[in-house]
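Below is the sequence, then the predicted model.
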Amino acid sequence: MIDLAALTIAEARKKLDGKVFSAVDLAQAYLTEIEKKNKELNAYLEVYDDVLEQAKAADEMIAKGESHPLLGIPLAIKDVILIKDRKVSAASKILENYKASYDATVILKLKKQGVVFLGRTNTDEFAMGGSTENSAFGVTKNPHDTSRVSGGSSGGSVVAVASNMALGALGSDTGGSVREPAAFCGIVGFKPTYGRVSRYGLIAMGSSLDCIGEIAKNVRDAEIIYNAVKGRDDLDSTTISDETYPKVFSKDKLVIGIPYDFALGEGVSPEVRENFKQAVEKLKKFGFKIKDISLKNVDMSLAVYYIIMPAEVSTNLARFDGVRYGLHKDGKNLFDDYKLTKGAGFGKEVRRRILIGTYVLSAGYYDAYYGKAQLIRDALKEEFNKTFNKVDLIATPTTPDTAWKIGEKSDPLSAYLADIFTVTANILGIPAISLPSGFIETEDKKLPLGIQFMAPHGAEDLLFDVGKVFEAIKDN
Amino acid sequence: MDIRAVENLAELARIELSEEEKKSLLKDMEGILGYIKQIKEVKVDEVAPAQDLINVWREDLPASGGPEKSREFSPELIKEQFPDSQDGFLKVKKIL
């Protein structure tokens, strides 16, 4: 028996190379766990039927003496990333039976390493949401309390990792979709610098915000997956090279800025405030320098995000028209075909965002909403650049509260407010990480919380450094 | 905002909505717009800051060399998924 709960990617690598167990053994162990748990948790929308064959191929590579960090490692992939010849639906009825005709760049990189793909995981429809309640295929439940949401949109990927149904996973993060569920389920969620990881083959939501993110049990594993998928790509002109941003060197005494007014502000639950204060104390005790900072306009981030993102959504989703692929509903003319197809294929949250996006981009309102939001975005960028001259990292809680009860937030705006701390990193394109920071007890259940660190453009390494330290000191 | 505004947006976005849905979307949108309109109060410089954009244009030549530059895709899979086709071509309704 392989102890999956204690297993990490780094550990599995040693055991696979040392022939303690084979890739087939490992894959079988995960399939058994999925068989036991997925029905209740609904993390996977599809478990691939060739998992053991993939694992066998990985074993053959190992037998030949090959070794890659992810060779034979079973990973879960969010249902918005294309794997050639396999279904990818974005958890939407409009793409329910769509089959990818090519591999995403990240998938090609993982295939070269001999990764075993376990299946595609649940998400809010087109990654729009923070709970997976907007999936057309049912909600993913939180393994710490199954009456609560997993968080989202990458809830399926996060739950797969948190409940030992995968060793690691890929998600996507447009406004916190990797970090928020990671915080809700007590694992690590990483969002790289905008452009660090190719998005060729990622179903687009908000193109100036979208990032492919890494999900793992600890910081080292997240770093391993990140190293495997990052890099410039000719097929994604927004990707960056190592020279795009000035190199940031790690140093002994990192300075962590805390925007206290914002991080402990209105709408943040007392338990989260307490947990965050304790985390900061531990960082201080370890030797980090803590600096109180104030960030003007950061409280506008959420409003800016909920203008720019829907604007880009309304543009990106125009392509799903029932003409070339996906759902098709027949009307009396082409215009009717479009309307009927979109009407039947898109769920409620997707329609909502398309309409909001259409509104903020329409002639009479463009300047007041979209134009103004871009100006504030620029001002925020400048403000953060200045702040990063004084501090190395910025810390906040990942979310203002724990995972909510399924169905509790029926008003869309109340769900949006959960993104208050995570959207800023996407608006600015900076890297950020969410780390487990402890639990709070509610109704006899222990619910996880997360702390978020943000770093300047290109400074992912600082996040891995602080992350590893925090992992070591958080239980002190 | 009123029902006619929702209908107009839905028409622009080519989405068929039921009467009931129009009402519930109107309510949702009023809430969301009520929240995002707070940005109107923010005072920021109208002058665009120095852009840090990078030119990523390349010569207009077919991509070649290395698997990263020319990706294999499956024309069969693409054609298989046409909602309607004739002789291997995508078939669409008359436009004019």
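Ah, there it is.

what element comes up after the strand or helix carrying B:Gly34 heading to the C-terminus?
According to DSSP states H and E, B:Gly34 maps onto helix B:19-36. Proceeding N to C from helix B:19-36, the next assigned helix or strand is helix B:75-80, under DSSP H and E.

tell me the mean pLDDT for whatever helix or strand comes next after that following helix?
Using DSSP H and E, the helix or strand that follows helix B:75-80 in sequence is strand B:85-86. For strand B:85-86, mean pLDDT rounds to 93.

One more: stretch A:420-427?
Stretch A:420-427 comes out at a mean pLDDT of 98.

Equivalent analysis for stretch A:456-474, please.
96.

Quickly check: that stretch near chain B or not.
No - using CB under 8 Å from any CB of the partner chain, stretch A:456-474 stays clear of chain B, coming no nearer than 9.2 Å. For every residue, glycine as well, the C-beta is placed using N, CA and C.

May I see the buried residues of that stretch?
Neighbour-count burial for stretch A:456-474 flags A:456-460, A:462-467, A:469-470, A:474 (criterion: 16 or more other CB atoms under 10 Å in any protein chain shown).

go on, stretch A:242-259?
Buried residues in stretch A:242-259 (16+ other CB under 10 Å): A:Tyr245, A:Val248, A:Leu254, A:Ile256, A:Gly257, A:Ile258, A:Pro259.

Might you report the residue contacts of the fourth one?
So that's A:Ile256. A:280, A:283, A:288-291, A:391-395, A:453, A:466 (CB atoms under 8 Å, 6 or more residues apart in numbering or on different chains).

Closest to chain B out of those?
A:Ile394 (19.7 Å; CB to the nearest CB).

Closest to the centroid, which residue in chain B?
B:Ala13 (9.4 Å; CA atoms, centre = their mean).

Wait, that one touches A:Leu355, no?
Yes - using CB atoms under 8 Å, B:Ala13 is in contact with A:Leu355, at 6.3 Å.

hang on, the earlier thing: mind putting the buried residues of stretch A:456-474 in JSON lines, secondary structure and distance to A:Leu361 included?
Converted to JSON lines, the buried residues of stretch A:456-474 look like this (DSSP: H, G, I helix; E, B strand; the rest coil; distance: CB to CB, whole Å):
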{"residue": "A:Pro456", "secondary structure": "coil", "distance to A:Leu361": "31"}
{"residue": "A:His457", "secondary structure": "coil", "distance to A:Leu361": "27"}
{"residue": "A:Gly458", "secondary structure": "coil", "distance to A:Leu361": "31"}
{"residue": "A:Ala459", "secondary structure": "coil", "distance to A:Leu361": "33"}
{"residue": "A:Glu460", "secondary structure": "helix", "distance to A:Leu361": "33"}
{"residue": "A:Leu462", "secondary structure": "helix", "distance to A:Leu361": "36"}
{"residue": "A:Leu463", "secondary structure": "helix", "distance to A:Leu361": "34"}
{"residue": "A:Phe464", "secondary structure": "helix", "distance to A:Leu361": "38"}
{"residue": "A:Asp465", "secondary structure": "helix", "distance to A:Leu361": "41"}
{"residue": "A:Val466", "secondary structure": "helix", "distance to A:Leu361": "39"}
{"residue": "A:Gly467", "secondary structure": "helix", "distance to A:Leu361": "38"}
{"residue": "A:Val469", "secondary structure": "helix", "distance to A:Leu361": "44"}
{"residue": "A:Phe470", "secondary structure": "helix", "distance to A:Leu361": "41"}
{"residue": "A:Lys474", "secondary structure": "coil", "distance to A:Leu361": "44"}
